[in-house]
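[1] this one's sequence-less:
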């Protein structure tokens, strides 16, 4: 069993979920609310958690594919009605982000929108209720991320960003990812890879995070195809969960244009990892002239010759993983491109893209990604 103390206390290995009760005790949590989603429940993973707990806690199991303010308010009502003193998130990034929102609202006045980064609300975030995160996908890195991204009741997508939102404890058990279907393995795996690449290329200087990003990329490129081909490959599942964790750890170096675009697109209901897979090659081509040295480092991480193109390699990987290659394949209405480009230019993550991007640049990237 590996205990990693970095941004959070992290228990990482096969069988780590057995430590759930003891980890909650260390947090001082006796009455947790379990936040999860229908897919996790159907996979029987909730029972794995309750078995480790030794009791059945109150459960909010209706986390939507893209978490919403409405769902957070419903979960908060259950949290308060049950007298909960902490939150356990069991699922992918959606369940984890929703759990963070519940923990925030349980300890702060007002509405969720008041704590979004765009309006300066993130600076008003203080100590939140304890959160323990158990990822069941290998991709988002939300278990060690400092952000919670949700869609408000107005339809606008916001990001609450503060170090206090990082879960205090994390249990990474690759056993929980063995049942992931190939399509989800592929999409969430590409999410992890995009985190490594974008954080490495971001304009912020953070050498430790950059080193972690390179390791994330190397693991994902090597083991994602294996996990996709054979979900029972325990080595590949362990390595991909580690790549996802590392991708989350690199968030301290920030991200860039891929995520600036995928956030407004995600508000339309598209899967975040799939969006990143489609957008990544086009953003790499846009950024390449600004970071030639870093692009060479990426080629080493990918294990390709200097004459090869990283964006082409990403497209080849997307093809291998049988993911959609264009926004048109997702059904995006081209008429929405101007509005989406304007929203991307306003995203806080656009500020750390290595090459400054205007709304016109984002429009060109989206048009290229339409296919």
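    It's in. As the structure is a prediction and not an experimental result, all values here were calculated from the model.
[2] break the chain into its domains for me.
    2-176, 180-370 (automatic domain parsing).
[3] so where do the strands sit in the stretch 1-150 of the chain?
    2-5, 9-12, 32-35, 59-60, 86-91, 131-135, 147-151 (DSSP state E, counting those that start in this stretch).
[4] which stretch in these is the model least sure about?
    Lowest mean pLDDT within the strands of the stretch 1-150 of the chain: strand 2-5, at a mean of 59.
[5] which helix or strand contains residue 314?
    helix 310-320 (DSSP states H and E).
[6] in the protein, which residue is most central in space?
    What sits nearest the mean C-alpha location of the chain, by Cα atoms, centre = their mean, is residue 140, with 2.4 Å.
[7] what sits against the nearest residue to that residue once chain neighbours are set aside?
    Distance criterion Cβ to Cβ, 6 or more residues apart in numbering; nearest residue to residue 140, sequence neighbours excluded, is residue 93 at 3.1 Å. In this view, the C-beta of every residue, glycine as well, is placed from N, C-alpha and C. By Cβ atoms under 8 Å, 6 or more residues apart in numbering, the contact set of residue 93 is 137, 139, 140, 141, 142, 191, 272.
[8] buried among those? Make that a PyMOL selection.
    Selection of buried members from the contacts of residue 93 for PyMOL, criterion 16 or more other Cβ atoms under 10 Å:
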select buried, resi 137+139+140+141+142+191+272
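[9] looking at the chain, which residue lies furthest from center?
    Going by Cα atoms, centre = their mean, the residue of the chain most distant from its centre is residue 307, 31.6 Å out.
[10] so which elements touch the longest helix anywhere in the chain?
    The helix that spans the most residues within the chain, counting by DSSP state H, is helix 207-229. Counting contacts by 3 or more Cβ pairs under 8 Å, 6 or more residues apart in numbering; DSSP states H and E, helix 207-229 packs against helix 182-201, helix 234-249, helix 292-302, helix 310-320.
[11] quick one: closest of the ones you listed to residue 115.
    helix 234-249 (20.3 Å; Cβ to Cβ).
[12] may I see the buried residues of the helix or strand just after the closest one?
    Counting by DSSP H and E, the next helix or strand C-terminal to helix 234-249 is helix 257-266. Buried residues in helix 257-266, counting neighbours by 16+ other Cβ under 10 Å, are found at 257, 258, 259, 260, 261, 262, 263, 264, 265, 266.
[13] over to stretch 143-155?
    So for stretch 143-155, counting by 16+ other Cβ under 10 Å, buried means 143, 144, 145, 146, 147, 148, 149, 150, 151, 152.
[14] OK, contacts around the first one?
    In this case it means residue 143. So residue 143 contacts 8, 10, 89, 96, 133, 134, 135, 167, 170, 172, 245, 248 (Cβ under 8 Å, 6+ apart).
[15] shaky segments in the chain?
    1-6 (pLDDT under 70).
[16] before we move on, back to that, which strands and helices lie in contact with the helix holding residue 314?
    By 3+ Cβ pairs under 8 Å, 6+ apart, helix 310-320 packs against helix 182-201, helix 207-229, helix 272-287, helix 292-302.
[17] these two touch, right, residue 360 and residue 341?
    Yes: with contact defined as Cβ atoms under 8 Å, residue 360 counts as touching residue 341 (7.4 Å).
[18] so between these two, which is more surrounded?
    residue 341 (22 against 11; other Cβ atoms under 10 Å).
[19] against residue 359, how distant is the more buried one?
    Note on residue 341: its distance to residue 359, by Cβ to Cβ, to the nearest Å, is 5 Å.
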